[in-house]
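K.L.:
could you look at this predicted model? Sequence included:
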Amino acid sequence: MPVKPPRPLILIASACAIFWPGAFIFGLPGVLRQHWQQAFDADGAAIGGTVFFLLTGATCFMYLCGRLQEKYRPGRLAAFGSVMGGGSVIWLSQAGNMIDVNVWAFAVGAASAFVYLPGLTVVQRWYPERRGLVAGFFNMAFGLSAAVMSPIFSILLSKWGYETLTLTAGCAALTIGLAASTLIRFPENDPSAPETSAPFAPSGRSVKEALKSREFWCLWLTWVFAGAAGASMIVLATGFGLNRGLNLAQAVVLLTAFNLTNGCGRLISGYFSDRVGRSRIMAMSFAGAGLAYLIMPHLVGLWLWAALAAVIGFAFGTLFAVSGPLAGDCFGMAHFGAIFGLVFTAYGFVAGPLGPWLSGHILDVTQGNYTLVFSYLGLMYLGAAGLIMLVQPWRECRL
């Protein structure tokens, strides 16, 4: 019998596989924003639309991936996603207009679904006793990757140029993703692996049962509001800094601060969600982000803005890190992939238009009124804080 890899190695492999999709989704649009504006004469709404296509690509395939992983090995799905993601960034090197950029955005978003959902399910099944912690670690790699890579992307863009940057990044993602996918697998095939169901939740509700529950729709709406408000900062951080007189290198500090807590905060919130409750952690982080958005335009100073962007990043990371385990608490793990894929439709189909696209449109119409935009986004986060408190674990759920 072939030797099975230990579960820490599977956790690390899953994190490595999702690293590059995270860097492309959360980091590359912000770094390339100015290049696209200059090269393709793109306005704010067009740049915000790029994030919309990223989210739409991920959402269109998230539910499908949830179903496919019940039939096919998760490593195969992750390998396919790595090829699609790395190949799309290589193709981006030849983009000639914003239509090409949006095609790339849709493709890399779709690729992330083939890596993210299998990886998130795998790590929770291997660590049923610490699902919040391992989901946080996995999501940390997803979010923290942009904090690591955004400054590197910015430096390489200025030194190497657009084409060389995208070619290099695409090849790196392709190589690392394919290598990591060989280790991503479910524990069912290993008789020595831990039990796959959480000790405090039944095996699982069906998709139909989940759709009839209050918890599903409150979680879905939370993804609409918190997803829209959090994703908007991906494209607004550098633009806000430039609007306030910072140069590009200084403005990228805001994006880096956002992505740093977006990544590292996922491990922290995941860890504490196992101990003090997932809904409480999410509500506290959303309330803090709402207040940060509301006061950010009224303060002056690079490091003050960076600190508030970090608070917003922490809330955005918490949404990703804790929502999966919370969904597992409410609906079980038997059909987790399909149910969580449906929850994710709120992020791609609704949060994208309400957040990045509408924010960019408002900025175009108001000649850069960030006070109005940030107030709008702050109120969305406060709404999400109230909604998530209505989502309770299985033992408290009522259909």
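P.N.:
Good, I have the coordinates.

K.L.:
and the pLDDT at residue 362?
P.N.:
Per-residue confidence (pLDDT) for residue 362: 90.

K.L.:
residue contacts, it?
P.N.:
Residues near residue 362 by CB atoms under 8 Å, 6 or more residues apart in numbering: 369, 372-373, 376. Yep, even glycine has a C-beta here, placed from its N, CA and C like the rest.

K.L.:
for residue 356, see how far away it is.
P.N.:
Noted for residue 362: a distance of 11 Å to residue 356, by CB to CB, to the nearest Å.

K.L.:
show the buried residues in the contacts of residue 362.
P.N.:
373, 376 (16 or more other CB atoms under 10 Å).

K.L.:
can I get the contacts of residue 362 in CSV including pLDDT?
P.N.:
CSV is the format used below for the contacts of residue 362 (pLDDT from 0 to 100):
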residue, pLDDT
369, 92
372, 95
373, 94
376, 94
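
K.L.:
low pLDDT regions in the stretch 101-250 of the chain?
P.N.:
Within the stretch 101-250 of the chain, the ranges that satisfy pLDDT under 70 run 188-204.

K.L.:
okay but residue 138 is in contact with residue 123, surely?
P.N.:
Yes: assessed by CB atoms under 8 Å, residue 138 is found in contact with residue 123 at 5.0 Å.

K.L.:
now do the shared contacts for those two.
P.N.:
In contact with both residue 138 and residue 123: 11, 14, using CB under 8 Å, 6+ apart.

K.L.:
tell me which stretches of the stretch 201-350 of the chain form helices.
P.N.:
Using DSSP state H, counting those that start in this stretch, the helices of the stretch 201-350 of the chain run over 207-211, 214-243, 248-276, 278-295, 302-331, 336-343, 345.

K.L.:
which residues does the last one contact?
P.N.:
Applying CB under 8 Å, 6+ apart, the contact partners of helix 345 are 59, 62-63, 220.

K.L.:
return the mean pLDDT over that helix, rounded to an integer.
P.N.:
89.

K.L.:
show me what the following helix or strand past that helix is packed up against.
P.N.:
Where DSSP states H and E defines the elements, the next helix or strand beyond helix 345 is helix 352. Counting contacts by 3 or more CB pairs under 8 Å, 6 or more residues apart in numbering; DSSP states H and E, helix 352 is packed against helix 44-68.

K.L.:
what's the first helix or strand after the helix it packs on?
P.N.:
helix 74-92.

K.L.:
the inter-axis angle of that following helix versus helix 44-68?
P.N.:
Using axes from the mean of the first three to the mean of the last three CA atoms, to 10 degrees, the direction of helix 74-92 lies 160 degrees away from that of helix 44-68.

K.L.:
what's helix 74-92 packed up against?
P.N.:
Contacts defined by 3+ CB pairs under 8 Å, 6+ apart place helix 74-92 against helix 7-26, helix 98-126, helix 162-181.

K.L.:
list the helices and strands the last one packs on?
P.N.:
For helix 162-181, the helices and strands in contact under the criterion 3+ CB pairs under 8 Å, 6+ apart are helix 7-26, helix 28-40, helix 74-92, helix 131-160.

K.L.:
which among those helices is found nearest to residue 177?
P.N.:
If you check each of those against residue 177 by CB to CB, helix 74-92 wins as the nearest, at 2.6 Å.

K.L.:
quick one: mean pLDDT over the closest one.
P.N.:
92.

K.L.:
next one: stretch 387-399
P.N.:
Averaging pLDDT along stretch 387-399 yields 70.

K.L.:
now do stretch 48-60
P.N.:
80.

K.L.:
can you list the neighbours in contact with that stretch?
P.N.:
25, 29, 36, 98, 101-103, 105-113, 116, 227, 231-232, 234-235, 344-345, 347-349, 351-353, 355-361.

K.L.:
pretty sure residue 151 contacts residue 252?
P.N.:
Yes: with contact defined as CB under 8 Å, residue 151 and residue 252 form a contacting pair (6.5 Å).

K.L.:
so for those two, which sits in the more crowded spot?
P.N.:
residue 252 (22 against 18; other CB atoms under 10 Å).

K.L.:
any idea how far residue 76 is from that one?
P.N.:
In terms of CB to CB, residue 252 sits 37 Å off from residue 76.

K.L.:
over to residue 123?
P.N.:
Plainly put, residue 123 is 17 Å away from residue 76 if you go by CB to CB.
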